[in-house]
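Visitor: quick one, structure for this:
(4 chains)
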2 protein chains.
Amino acid sequence: MGRVSDARERLLKAANELTWKQGYNAVTVDAICDAAGVKKGSFYHYFESKADLTKEALEAWWQANSRPIIESSFAEGVPPLERLQRYFDSMYRRQLEIKREGGTLLGCAFFRLAIEGEGVEPEVREAAQRALSRKRKYFVQAIDDAKREGLIKVDDVEAATQAVYSLFEGAMARARIQDSPEPLKGIYEQVLRLLEAVPEARDPVRRTA
Amino acid sequence: MGRVSDARERLLKAANELTWKQGYNAVTVDAICDAAGVKKGSFYHYFESKADLTKEALEAWWQANSRPIIESSFAEGVPPLERLQRYFDSMYRRQLEIKREGGTLLGCAFFRLAIEGEGVEPEVREAAQRALSRKRKYFVQAIDDAKREGLIKVDDVEAATQAVYSLFEGAMARARIQDSPEPLKGIYEQVLRLLEAVPEARDPVRRTA
DNA sequence: CTTGAATTTGACTAACTAGTCAACTATAGT
DNA sequence: ACTATAGTTGACTAGTTAGTCAAATTCAAG
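Guide: Numbering: from 1, shown residues only, chains lettered A, B, ... in the order given. Got it, this is the predicted structure:
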């Protein structure tokens, strides 16, 4: 009953785009409404507050964008190290695409928000952290599998996994700061060294091709 | 002639503390003035704008805090790998201290600001980027030296250096996000693997002790 | 002790902020 | 065609924001 509308979806999309680019506190409700082509009255029909919208937008973004991309890289049946290789490659290409389309390279939306710290509502920060920790699980799984299958020789798997993840997020963040994909280049080779990958497992894509 | 005052210095200090914790856009001029015990009229006697203050505060922070710390770790005469080890160790301890004193772990102030992207004035972002690039130079120097002295075997020194720096900044940022020093633990060992350090050079501190 | 430049003050503005609301409109299901 | 319901609107508030300014105060130097 009543009329139907996609205003809610437009608001979520606009919120993500603007917040990703400019940050939580730099973006105003008015700006989000303008970008979504929605009047402020409507905004508060759908969301309780700016924080509420942002929280929902992050979750929606994870479900609709991040998750599909990450799951296609870390798919069942793909050899563990190749999962990482695929993911790094897909993120590299994605960041280039974002830069081409929007003018600036944006890095990871969740990391961007999570790092803001105090000065953004806890519920928003938690939503971002939740997404990051879900992302990290794919790394943990792949590296555990690699160890179990004897593809990597590193002893302290947990410490190495931490490092791999820090390296990846650090490179993404630096790419954003420099507005250049440069820091993302060749991460996979560095990760292989961190994991002490055995020579035969070093180039899974070529090996399985 | 005229009276003397340390209001300018108090403002710089307050700006840094608040911005580090809460971010550029979350901090108001009024809040900075309150924290510094300075009235707004005085604020604009010393600084043209909030952006101007923040820019100056970053530079002052680098000169007064970051630079001394980094230079004492990367001091002349210290073996290259030990410079890194010292620096990681000193940052680990420093972050713990910050957390103990201020309640939250804050990571790198410049990284924090540089990552904000659009929505902070270019002059501010540039000031943060400048500090980061100065910091990075110490890494480049140390790793180049290590290579020249045959302490590391890695072939692509440039790519490895990028990775070491990304790993470090990524770990600092993650420590902030998680409000825990955990990601900073044992970075040095991971860096040794990235650089393919020769066994004899692996623990310079013990070796030279 | 006088001078005058540096500093301090608080009241001011104009623009912006998140959020409210009651009236209005379109339409899906009957 | 009716009508309940979901969606839309624009004008509204109350608080906050960065930045201004003229007058008052302080004190180093002559």
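Visitor: quick one: name the residues of chain A near DNA strand C.
Guide: Taking Cβ under 7 Å from any atom of the strand as the contact definition, chain A meets DNA strand C at A:1-4, A:27-30, A:40-41, A:43-44, A:48-51. For glycine as for every other residue, the C-beta is placed from the backbone atoms N, C-alpha and C.
Visitor: can you pull out the helices in chain A?
Guide: Applying DSSP state H to chain A gives helices spanning A:7-22, A:29-36, A:40-46, A:50-61, A:67-73, A:80-102, A:109-114, A:122-148, A:157-178, A:187-195, A:204-208.
Visitor: between the fourth one and helix A:122-148, how big is the angle?
Guide: Interaxial angle, helix A:50-61 versus helix A:122-148 (axes from the mean of the first three to the mean of the last three Cα atoms, to 10 degrees): 20 degrees.
Visitor: same for helix A:50-61, what does it pack against?
Guide: Here helix A:50-61 touches helix A:7-22, helix A:29-36, helix A:109-114, helix A:122-148, going by 3 or more Cβ pairs under 8 Å, 6 or more residues apart in numbering or on different chains; DSSP states H and E.
Visitor: ok, of the residues of chain A next to DNA strand C, which come out buried?
Guide: Neighbour counting by 16 or more other Cβ atoms under 10 Å in any protein chain shown classes A:27, A:29, A:43, A:50-51 among those as buried.
Visitor: nearest to chain B among those?
Guide: Set against chain B, the nearest of those by Cβ to the nearest Cβ is A:Val27 (7.1 Å).
Visitor: quick one: the closest residue in space to that closest one that isn't next to it in sequence from A:Gln141, how far?
Guide: Excluding the flanking residues, the one nearest A:Val27 by Cβ to Cβ, 6 or more residues apart in numbering or on different chains is A:Leu18, at 4.6 Å. According to Cβ to Cβ, to the nearest Å, A:Leu18 stands 33 Å off from A:Gln141.
Visitor: any residue of stretch A:96-111 up close to chain B?
Guide: Yes. Residues of stretch A:96-111 contacting chain B under Cβ under 8 Å from any Cβ of the partner chain: A:104, A:106-107, A:111.
Visitor: no no, stretch A:153-165
Guide: Yes. With Cβ under 8 Å from any Cβ as the criterion, chain B is reached by stretch A:153-165 at A:154, A:156, A:159-160, A:162-163, A:165.
Visitor: ditto for stretch A:168-187
Guide: Yes. Using Cβ under 8 Å from any Cβ, we find that stretch A:168-187 touches chain B at A:168-171, A:173-174, A:176-178, A:182-183, A:185-187.
Visitor: returning to that earlier point: name the residue in A:Leu18 and A:Gln141 with the higher neighbour count.
Guide: Per other Cβ atoms under 10 Å in any protein chain shown, whichever of A:Leu18 and A:Gln141 has more neighbours is A:Leu18, with 22 against 14.
Visitor: I'd say the more buried one and A:Cys33 touch.
Guide: No. In this structure, A:Leu18 is not within contact of A:Cys33 by Cβ atoms under 8 Å, at 10.6 Å.
Visitor: which ones are touching A:Phe139?
Guide: Contacts for A:Phe139 were tallied using Cβ atoms under 8 Å, 6 or more residues apart in numbering or on different chains; they are A:84, A:161, A:164-165, A:168.
Visitor: and the residue of chain A nearest chain B?
Guide: Of all residues in chain A, the one sitting closest to chain B is A:Gly170 (2.2 Å; Cβ to the nearest Cβ).
Visitor: what's near enough to touch the residue nearest to A:Glu59 when sequence neighbours are not counted?
Guide: Leaving aside its sequence neighbours, A:Glu59 sits nearest to A:Ala127 (Cβ to Cβ, 6+ apart; 6.0 Å). By Cβ under 8 Å, 6+ apart, the contact list for A:Ala127 reads A:54-55, A:58-59.
Visitor: would you format those residues as JSON lines with distance to A:Glu71 and neighbour count included?
Guide: As requested, these are exported to JSON lines (distance: Cβ to Cβ, whole Å; neighbours: other Cβ atoms under 10 Å in any protein chain shown):
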{"residue": "A:Thr54", "distance to A:Glu71": "24", "neighbour count": "26"}
{"residue": "A:Lys55", "distance to A:Glu71": "22", "neighbour count": "23"}
{"residue": "A:Leu58", "distance to A:Glu71": "18", "neighbour count": "28"}
{"residue": "A:Glu59", "distance to A:Glu71": "16", "neighbour count": "15"}
